[in-house]
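take a look and give me a structure for this.
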Amino acid sequence: MSSPASCARTCASRPVDAEARAQVEDYLRALAGERRLSPHTLRGYRRDLAACAAFCDEQGVARWEQLTEHHVRSLLAAGHRRGLGGRSLQRRLAALRGLLDHLVRQGRLPANAARGVRAPRARRPLPRTLDVDQAAALMEVPGDGPLAVRDRAMLELMYSSGLRLAELVGLDLARLDLEEGMVEVTGKGAKDRRLPVGRKAREALASWLAVRAGLAAADEPAVFVGRHGRRLSARGVQARLRYWSRRLGLEVPVHPHMLRHSFASHLLESSGDLRAVQELLGHADIGTTQIYTHLDFQHLARVYDQAHPRARRRR
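All right, here's what the predicted structure looks like:
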């Protein structure tokens, strides 16, 4: 085994020994092929497994089958001492646990040493959202030029249907049906879902499609294109939201996921239907959606403080 200092320089490309490195690569290929994880997510798995390998190197653990539950607990403790938060430790443990499960399924390990270990709980910050008035103000993009018309359509669609950034930039014309008021997107895990498109968004999209041909390349299938006629990038969308939030005088910098959070929070406030919001957002686990119930409670608490004659809040 190499020294900890040399491992820190090389563990990203040489985790533990050659066979262990091959097992990691095989696992990452399986994630890409079977679960169809995004390149960004795969990079995260690779980083976390490299950190696990670096720790194993320090402990003199050359093979994954030598790893014990004590090692896994020590790995988490070492990460905590280095300042890693609960969420980062949970992600690191999940990556290691997934790799060891993969090796157990292949018959290379008798048991998963990480299976009985729990990472510390992470504090889950509530997502920031726009209030209804702020969201309405953001939709009022001024101007009749093609870029302004495009941006108005993008903002309306994100807020109307709760699209992720990747779903917005990946959207093709063939999957948009304004007559039916529906859009079909591919979300996480390559799962498709059909979403309703509101009246305001349909109107904004119809205006954009009327001028899109003057900007888009003839063979470009994307709904939203940039100045050069090709599919608009995620960074391009982020830049346009920052631009409009500043120009329209919003007090907070707006990013695409804030519109998704606002969509979910406002819909839940009005409907109270958590399952419907889960379906619209494409969450596999309703626990992910439940964070919006806390936002809803905060809204109700503010109303109570402002309106109830017996509220404790002093003016």
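
what confidence value was assigned to the spatially most central residue of the chain?
When Cα atoms, centre = their mean is applied to the chain, the residue found nearest the centroid is Arg164 (7.5 Å). On pLDDT, Arg164 comes in at 89.

and the gap between it and Leu259?
10 Å (Cβ to Cβ, to the nearest Å). Backbone N, C-alpha and C define where each C-beta goes, glycine included.

please report phi then psi for the residue nearest to the centre of the chain.
The phi/psi pair for Arg164 (degrees, to the nearest 10) reads phi -70, psi 160.

pretty sure it sits against Gly187.
Yes - Arg164 is within contact range of Gly187, at 6.5 Å (criterion: Cβ atoms under 8 Å).

which neighbours do those two have in common?
Common neighbours of Arg164 and Gly187 (criterion: Cβ atoms under 8 Å, 6 or more residues apart in numbering): Gly282.

now the helices: where do they sit in the chain?
Ranges of helices in the chain, per DSSP state H, are 4-10, 18-30, 39-59, 69-81, 86-105, 132-139, 146-161, 165-169, 199-212, 234-247, 256-271, 274-281, 286-289, 291-307.

could you give the mean pLDDT of the first one?
The one in question is helix 4-10. Mean predicted lDDT for helix 4-10 stands at 36.

equivalent analysis for the fourth one, please.
Looking at helix 69-81 alone, the average pLDDT works out to 89.

counting contacts, what elements does it pack onto?
In terms of contacts (3 or more Cβ pairs under 8 Å, 6 or more residues apart in numbering; DSSP states H and E), helix 69-81 is packed against helix 39-59, helix 86-105.

and these: which comes nearest Met154?
With distances scored as Cβ to Cβ, the stretch of the helices and strands packed on helix 69-81 nearest to Met154 is helix 39-59 (21.2 Å).

tell me how far the closest one is from the chain's mean position?
Counting by Cα atoms, centre = their mean, to the nearest Å, helix 39-59 is centred 20 Å from the centre of its parent chain.

what does stretch 75-85 give?
Worked out by Cα atoms, centre = their mean, stretch 75-85 lies 24 Å from the chain centre.

what lies in contact with it?
By Cβ under 8 Å, 6+ apart, the surrounding residues in contact with stretch 75-85 are 51-52, 55, 88-89, 92-93, 96, 117, 119-120, 122-123.

closest to Gly170 among these?
Closest to Gly170 out of the contacts of stretch 75-85 is Ser88 (28.0 Å), distances taken as Cβ to Cβ.

pull the contacting residues for that closest one.
Ser88 is in contact with Gly79, counting by Cβ under 8 Å, 6+ apart.

that one and Glu69: what is the separation?
For Ser88, the distance to Glu69 - Cβ to Cβ - is 20 Å.

in the sheet, which residues pair with the closest residue to Ala216 other than its chain neighbours? Tell me.
With Cβ to Cβ, 6 or more residues apart in numbering as the criterion, Ala216 has its nearest non-adjacent residue at 4.5 Å, and that residue is Val225. Beta-bridge partners of Val225, counted by DSSP bridges, are Arg231.

neighbours around Val225, how many?
The local packing of Val225 (other Cβ atoms under 10 Å) involves 20 other residues.

cool, and the one 5 residues further on?
Around Arg230 sit 14 other residues, with neighbours defined as other Cβ under 10 Å.

quick check, it in contact with Glu220.
Yes - look at Arg230 against Glu220 with Cβ under 8 Å: they come within range, at 5.8 Å.

the helices of the chain: which one's closest to Gly181?
With Cβ to Cβ as the yardstick, what comes closest out of these is helix 199-212 (5.8 Å).

what angle do helix 132-139 and that closest one make with each other?
10 degrees (axes from the mean of the first three to the mean of the last three Cα atoms, to 10 degrees).

now do helix 199-212 against helix 146-161, angle only.
Compare the direction of helix 199-212 with that of helix 146-161 by the same axes, to 10 degrees and you get 150 degrees.

what's helix 199-212 in contact with?
Here helix 199-212 makes contact (Cβ under 8 Å, 6+ apart) with 139, 146, 149-150, 152-153, 155-157, 159-161, 176, 178, 181, 197, 223-225.

report the buried residues of it.
Residues of helix 199-212 classed as buried by neighbour count (16 or more other Cβ atoms under 10 Å): 201-202, 204-205, 207-209, 211-212.

lovely, talk soon.
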